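In: Please work out how this folds:
(one chain, ligands or ions: 1)
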Amino acid sequence: MSAVSSTSSRPEPRPGVLAISAYVPGKSHAPGVEKVYKLSSNETPIGPSPKALEAYAGAGARLEDYPDGTASVLRKAIAHAYGLDPARIICGAGSDELLNLVAHVYLGPGDEAIYCEHGFLVYRIATLSAGGTPVVAPEKDLTADVDAILARVTARTKLVFLANPNNPTGTYLPIAEVRRLQAGLPAHVLLVLDAAYAEYVRRNDYEVGLELALSAPNVLMTRTFSKIHGLAGLRIGWAVGPDHVIDAMNRVRGPFNMNTPAIAAGAAAIADQAHVEKAADHNARWLSWLTAELEKIGLKVTPSVANFLLIHFPETPGLTAREADAFLIRRGLILRVVASYGLPNALRMTVGSEEANRLAVAALADFMAGKANEGQGA
Ligand SMILES: *Cc1c(COP(=O)(O)O)cnc(C)c1O
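Out: So this is what the prediction gives:
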């Protein structure tokens, strides 16, 4: 018998942990279908830069050595690409790690983190796992609402997470609105600007917020190599912000959080801006084509500036999002169910290759024409 008595008969997680619904990634299988088109995780159809693949292969020759814990080569390459001071950059195993790190650094029991109604699910998971309290701000027209966010700030608020553009809606806030948000926040609140899709945006009133992250004492910007750089499998993210924020995050992060092949491939990828442009051009072309074609067949599409589209389905039995998902899977087309984002009657579709995009439109046209039973083998 233990000398210490407790009411628990087994180890109990900290408060908040069991309130987390584990993140469910986009599906990647369609049983019984020969060729599968995965349009569920916003991966790029263009793939990574050939230079990144070459650097990755080269790094594989020295796996017995620990990686450089400061990811110096990668931070320098990022700094060079954006004209930044490498000391203000921190790298992580995907931006997921950095979003979790920032939550662990700034949130404790009773502290609040605000994010938007249809915001990226990682914000809720990171907040709860740090022991903090999630606070959800409603949106307007599936778009972040600065006034609604500001109205929810209290003395306990420590973080505001904003994905700009947001996933899964594809909507964005103009830089003037981001500035108004920052200006309205008390000095003790850190604004985390998650710009995972920034490279895809082609709007004159959009800016990623880099100069806010460089000049304001309470703005951190996070970026990723998972989307336009096509390196999701290597898990590479980075953040830039005030010295004091980067310093605090560096104290908490694992000493070797980045692996050697990721550091090498990321550095090569960020230097290959021609490849980034190629991917952005492909996206711009097919994003507008898909939007127009889907609207022609009677589907409502939220205007997106990212590399995916939010497609809304009718409530009519036989034509719902759930039924569309099952129909598309029978044709090997995997989209993303977004019910867990509060969008039960929509699917999110990543802009794919020309082949995948044309097949998806053809399949959805059949589905909307009521040919729902012909999915099999059609
Ligand atoms: C995909 C995505 C990321 C990137 O996550 P990684 O961990 O870097 O792969 C970050 N934020 C949003 C909103 C995303 O959709």
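In: pLDDT averaged over stretch 297-310 - what is it?
Out: For stretch 297-310, mean pLDDT is 98.
In: for stretch 271-286, same thing?
Out: Taken as a whole, stretch 271-286 has an average pLDDT of 98.
In: which ones are touching the residue of the stretch 1-150 of the chain found nearest the ligand?
Out: Scanning the stretch 1-150 of the chain for the residue nearest the ligand gives G94, at 2.6 Å (criterion: Cβ to the nearest ligand atom). Any C-beta I mention is one placed from the backbone N, CA and C, and that applies to glycine too. G94 makes contacts with T224, S226, A232, R235, I236, G237, as judged by Cβ atoms under 8 Å, 6 or more residues apart in numbering.
In: repeat for L39
Out: Contact analysis of L39 by Cβ under 8 Å, 6+ apart lists L333, I334, L335, R336, M349, T350, V351, G352, A356, A360.
In: ok, 6 Å please
Out: L39 makes contact with L335, M349, T350, G352, according to Cβ atoms under 6 Å, 6 or more residues apart in numbering.
In: Which stretches in the stretch 101-250 of the chain count as helices?
Out: All helices of the stretch 101-250 of the chain, identified by DSSP state H, counting those that start in this stretch, fall at 122-129, 146-151, 175-184, 210-215, 243-252.
In: Output the set of residues of the stretch 151-300 of the chain in proximity to the ligand.
Out: A163, N167, D194, A196, T224, S226, K227, A232, G237 (Cβ under 6 Å from any ligand atom).
In: Include pLDDT and neighbour count when you put those into a markdown table, please.
Out: Shown next, in a markdown table, are these (pLDDT from 0 to 100; neighbours: other Cβ atoms under 10 Å):
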| residue | pLDDT | neighbour count |
| --- | --- | --- |
| A163 | 98 | 28 |
| N167 | 98 | 26 |
| D194 | 98 | 28 |
| A196 | 98 | 25 |
| T224 | 98 | 24 |
| S226 | 98 | 22 |
| K227 | 98 | 26 |
| A232 | 98 | 17 |
| G237 | 98 | 23 |
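In: Out of those residues, flag the one nearest to A130.
Out: The closest of those to A130 turns out to be D194 (Cβ to Cβ; 16.3 Å).
In: how far away is the spatially closest residue to the closest one that is not a sequence neighbour from M221?
Out: Among residues not flanking D194 along the chain, A163 sits closest, at 4.3 Å (Cβ to Cβ, 6 or more residues apart in numbering). A163 sits 11 Å away from M221, going by Cβ to Cβ, to the nearest Å.
In: quick revisit: and the contacts of L39, which is closest to the ligand?
Out: Among those, T350 lies closest to the ligand (Cβ to the nearest ligand atom), at 10.5 Å.
In: Tell me what that closest one is bridged to.
Out: F308 (DSSP bridges).
In: which residues touch it?
Out: Each residue near T350 by Cβ under 6 Å, 6+ apart is listed here: L39, N42, F308.
In: circling back: wait, which of the helices of the stretch 101-250 of the chain is closest to I270?
Out: Closest to I270 of these, according to Cβ to Cβ: helix 210-215, at 14.3 Å.
In: so L74 makes contact with I263?
Out: Yes - L74 sits in contact with I263 when judged by Cβ atoms under 6 Å, with a separation of 4.6 Å.
In: Which neighbours do those two have in common?
Out: Counting by Cβ under 6 Å, 6+ apart, nothing touches both L74 and I263.
In: Just the mean pLDDT for stretch 141-158, thanks.
Out: 98.
In: Just the endpoints, please. Distance across that stretch?
Out: Distance between the two ends of stretch 141-158: 26 Å, counting by Cα to Cα, to the nearest Å.
In: Contacts only, for E112.
Out: Taking Cβ under 6 Å, 6+ apart as the contact definition, E112 lies against T133, V135, R156, T157.
In: Highest neighbour count among these?
Out: For these, the largest neighbour count, defined by other Cβ atoms under 10 Å, is 21 neighbours, found at T157.
In: tell me the contacts of that residue?
Out: By Cβ under 6 Å, 6+ apart, the contact list for T157 reads E112, V189.
In: Wasn't W289 part of a helix?
Out: Yes - looking at W289 with DSSP: H, G, I helix; E, B strand; the rest coil, it is inside a helix.
In: quick one, strands of the stretch 101-250 of the chain?
Out: With DSSP state E, counting those that start in this stretch as the criterion, the stretch 101-250 of the chain has strands at 112-116, 133-137, 157-163, 190-194, 219-224, 237-240.
In: what residues are up against V160?
Out: Counted by Cβ under 6 Å, 6+ apart, V160 has contacts I114, L191.
In: next one: phi and psi at L347?
Out: Main-chain dihedrals, L347, degrees, to the nearest 10: phi -130, psi 150.
In: in terms of contact, does it touch I311 like I think?
Out: Yes - contact between L347 and I311 holds when scored by Cβ under 6 Å: they sit 5.2 Å apart.
In: so what does whatever helix or strand F367 lives in touch, helix or strand wise?
Out: Taking DSSP states H and E as the definition, F367 sits inside helix 354-368. For helix 354-368, the helices and strands in contact under the criterion 3 or more Cβ pairs under 6 Å, 6 or more residues apart in numbering; DSSP states H and E are helix 273-296, helix 321-330.
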